[in-house]
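> here is the input, now give the coordinates:
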Amino acid sequence: MEPKNTKPKAGGETAREDRLKAALKANMARRKAQAKARTAMKNSGAGAGKDTGKDKG
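Residues are numbered from 1 along each chain as shown. The predicted structure is shown next:
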């Protein structure tokens, strides 16, 4: 939700907002990729090399 300002923005403010938007979009994409990789690692590594806590013998 954007603030209710009616005055026009200076060119510097618009450029700054564009840079911030681009940085936020890149950050969100990076976080999404990291979460996806973590989920894939968790699913592929489930049970592999984990100690169940039970004695074998």
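> which parts of the protein are helices?
Listed in chain order, the helices of the chain (DSSP state H) span 11-44.
> so where is it shaky, pLDDT-wise?
1-3, 5-8, 46-57 (pLDDT under 70).
> same thing but at 80, please
1-11, 45-57 (pLDDT under 80).
> list the contacts for Leu24?
With contacts defined as C-beta atoms under 8 Å, 6 or more residues apart in numbering, Leu24 has no neighbours. To be clear about C-beta, it is placed using only N, CA and C from the backbone, and glycine gets the same treatment.
> would you mind measuring from Gly45 to Lys36?
Using C-beta to C-beta, to the nearest Å, Gly45 is found at 15 Å from Lys36.
> likewise Arg16?
From Arg16 to Lys36 the distance is 30 Å (C-beta to C-beta).
> repeat for Gly12
Distance, Gly12 to Lys36, by C-beta to C-beta: 36 Å.
> cool, and Leu20?
Counting by C-beta to C-beta, the gap from Leu20 to Lys36 is 24 Å.
> again, but for Ala26
When C-beta to C-beta is the yardstick, Ala26 and Lys36 sit 16 Å from each other.
> and Arg19, how many neighbours?
Counted by other C-beta atoms under 10 Å, the residues lying close to Arg19 total 10.
> one more: the one 3 residues further on?
The number of residues packed near Ala22 is 10, by other C-beta under 10 Å.
> what sits against it?
Ala22 neighbours (C-beta under 8 Å, 6+ apart): none.
> could you do Lys36 as well?
Contact analysis of Lys36 by C-beta under 8 Å, 6+ apart lists nothing.
> now do Glu13
Per C-beta under 8 Å, 6+ apart, neighbours of Glu13: none.
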